[in-house]
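Trainee: Quick one: sequence plus predicted model below, questions after.
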Amino acid sequence: MDAPDERSGPDAREAIERLLLDGPRRYTRLQVAELAGMAPDRTQRLWRALGFPDAADDDPAFTDADVRALGVLSELIDSGFVDADTEASIARAMGQALSRLADWQTDMLADALSRPEPGGGCQPASPEEAVAVARELLPKMRDIQSYVWRRHLAANADRLLASSAGQGDRRRLAVGFADLVGYTTRSRGMGGRELGAMVEDFESTATEVIAQHRGRVVKTVGDGVLFTAASPVDAVEIGLLLPEVWDSEERPPLRVGAAYGAVLTRLGDVYSPVVNLASRLTSLGRPGTVLVDRELAQRLRGLRAYRVRPLRRVSVRGYDHLQPWLVRRRPPGEEDNPLEGMLDELADDVLERPEDEDA
């Protein structure tokens, strides 16, 4: 009874692979380069940038879809839409983003291919069932990816218009970090499933709050999230709301730092001294606090919704005598009192001390 399944296993893998790659593997690396009219070293550079390992020169690892993709890339370069000098950078950005998406979708497909058994556990699907599920789900996954991509392009229509007016990829933005305090210490005592659940919970919570206030998640790195917002008010609302929504005895607390200024946006990431400043401010704050730089503080002062107070100056890596500003919600009915600002500047209980840093 086992022999048919063993024989059909490779057939099932080949069928799924053909479905994913839009045909069988039939060309070597050198043949693909010749068919696409590209130099072999250029195709290899792009392949590596996408995140794939090298294929041997005599390995028929490529399909007709690979040839077509290189042809489309050549057309984009000829049209001026993609610069030949930045094609590898674009490929690298796409590869990193889609690799993560593919990892998640692989887990999702694995769950779909496992059938729960009455006594507990799961029974893996037969090769025939695996192919049938893949044929049904993969086109739907492709369609939803296309939809989300188009919606994100539409959401960035203002940036498209700004680029056409000559502003390009330089903008004035608020940049914020939200950081899990004590993540390293706490994660040491967690199992893989428990740690994965906490990270997923954190990322989903952060994404929801940031989107709710018109921000954008730039990237997440386990214990933190980097986000941007066009409006200083939106940035501080994200910073104030995230620790409140996340707060729970079972979770490590959050702290947030944010700064405002000129930012270079490139391939979905952001680059600027503003990013470094926001990171430093985050490391200074105690759990539950929101610290901002002077530029962002100036845009918030005078707004009745917030108390914005200067704190003592500190020196951190890259910044001597850095001036943090503490932002809190103003209680309803409270008037701004200048004396409170003087007291806040003398207080240091919201700044992190070296002995409090996460090991």
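Mentor: Okay, I see it. Numbers count the residues shown, from 1 in each chain.

Trainee: so where's the longest helix in this structure?
Mentor: Criterion DSSP state H: the longest helix present in the chain is helix 127-155.

Trainee: just checking, what packs against it?
Mentor: Applying 3 or more C-beta pairs under 8 Å, 6 or more residues apart in numbering; DSSP states H and E, we find helix 127-155 packed against helix 2-21, helix 87-112. Heads up, the C-betas are built off the backbone N, CA and C, glycines and all.

Trainee: can you state the direction angle for the helix or strand where Thr265 lies and helix 87-112?
Mentor: Using DSSP states H and E, the element containing Thr265 is strand 254-266. Counting by axes from the mean of the first three to the mean of the last three C-alpha atoms, to 10 degrees, strand 254-266 points 130 degrees away from the direction of helix 87-112.

Trainee: immediately after strand 254-266, which helix or strand?
Mentor: strand 269-271.

Trainee: Tell me the secondary structure at Leu35.
Mentor: Recorded secondary structure, Leu35: helix (DSSP: H, G, I helix; E, B strand; the rest coil).

Trainee: That one: what's it in contact with?
Mentor: Tyr27, Val67 (C-beta atoms under 8 Å, 6 or more residues apart in numbering).

Trainee: how close does it get to Asp22?
Mentor: 15 Å (C-beta to C-beta, to the nearest Å).

Trainee: and if you look at Leu254?
Mentor: 44 Å.

Trainee: Between these two, tell me which one has more neighbours.
Mentor: Between Leu254 and Asp22, counted using other C-beta atoms under 10 Å, Leu254 has the larger neighbour count: 27 against 12.

Trainee: Okay, and the beta partners of that one?
Mentor: Here Leu254 shows beta-bridge partners Leu180, assigned using DSSP bridges.

Trainee: so how far is Thr220 from it?
Mentor: Counting by C-beta to C-beta - Leu254 and Thr220 are separated by 13 Å.

Trainee: Likewise for Ser204?
Mentor: As for Ser204, its distance to Thr220 is 10 Å (criterion: C-beta to C-beta).

Trainee: which one of those two has more residues nearby?
Mentor: Neighbour comparison, Ser204 and Thr220: the larger count goes to Thr220, with 17 against 10 (by other C-beta under 10 Å).

Trainee: which element is the closest residue to the more buried one other than its chain neighbours on?
Mentor: Nearest residue to Thr220, sequence neighbours excluded (C-beta to C-beta, 6 or more residues apart in numbering): Glu203, at 5.2 Å. Element membership for Glu203, per DSSP H and E: helix 192-212.

Trainee: Give the pairing partners of the very next helix or strand once past that helix; include direction for each.
Mentor: Sequence-wise, the next helix or strand downstream of helix 192-212 (DSSP H and E) is strand 216-220. According to DSSP bridges, strand 216-220 forms sheet pairs with strand 224-229 (antiparallel).

Trainee: What residues are bridge-paired with the residue most central in space within the chain?
Mentor: The structure's the chain has its C-alpha centroid closest to Lys219; by C-alpha atoms, centre = their mean the separation is 2.7 Å. For Lys219, the beta-bridge partners are Leu226 (DSSP bridges).

Trainee: can I see the domain layout of this structure?
Mentor: For the chain, automatic domain parsing gives the domain ranges 2-115+125-155, 169-356.

Trainee: could the ones you listed go into TSV alongside mean pLDDT?
Mentor: Formatted as TSV, the domains of the chain follow (pLDDT from 0 to 100):
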stretch	mean pLDDT
domain 2-115+125-155	80
domain 169-356	84
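
Trainee: just to revisit the earlier point, quick check: which of the helices and strands packed on helix 127-155 is nearest to Leu240?
Mentor: Taking C-beta to C-beta, helix 87-112 is the member of the helices and strands packed on helix 127-155 nearest to Leu240, at 29.0 Å.

Trainee: so what does that closest one touch, helix or strand wise?
Mentor: helix 40-49, helix 127-155.

Trainee: what is the orientation angle of that helix with helix 40-49?
Mentor: 50 degrees.

Trainee: All further residue positions should be reported with the first residue as 144.
Mentor: Happy to do that; since the first residue is 144 now, the last one works out to helix 230-255.

Trainee: Which positions within helix 230-255 qualify as buried?
Mentor: By 16 or more other C-beta atoms under 10 Å, the buried positions in helix 230-255 come out as Glu230, Ile233, Ala234, Arg235, Ala236, Gly238, Leu252.

Trainee: so which of the helices and strands packed on helix 270-298 gets nearest Gly404?
Mentor: Closest among these, using C-beta to C-beta: helix 230-255, at 23.5 Å.

Trainee: How far does the closest one sit from its chain's centre?
Mentor: Relative to the chain's own centre, helix 230-255 is displaced by 12 Å; criterion: C-alpha atoms, centre = their mean, to the nearest Å.

Trainee: Ok, stretch 276-286 next?
Mentor: With C-alpha atoms, centre = their mean, you get 24 Å for stretch 276-286.

Trainee: Only alpha carbons, please: show it as PDB.
Mentor: Extracted as PDB, the C-alpha positions of stretch 276-286 are listed here (Å, rounded to 0.1, in the frame of the first residue of the first chain):
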ATOM      1  CA  VAL A 276      -5.500  22.100  -3.000                       C
ATOM      2  CA  ALA A 277      -2.600  23.900  -4.600                       C
ATOM      3  CA  ARG A 278      -4.500  24.300  -7.900                       C
ATOM      4  CA  GLU A 279      -7.500  25.800  -6.000                       C
ATOM      5  CA  LEU A 280      -5.600  28.100  -3.600                       C
ATOM      6  CA  LEU A 281      -2.700  29.500  -5.500                       C
ATOM      7  CA  PRO A 282      -4.700  31.500  -8.000                       C
ATOM      8  CA  LYS A 283      -6.700  33.000  -5.200                       C
ATOM      9  CA  MET A 284      -3.500  33.900  -3.300                       C
ATOM     10  CA  ARG A 285      -2.100  35.500  -6.500                       C
ATOM     11  CA  ASP A 286      -5.300  37.600  -7.000                       C
END
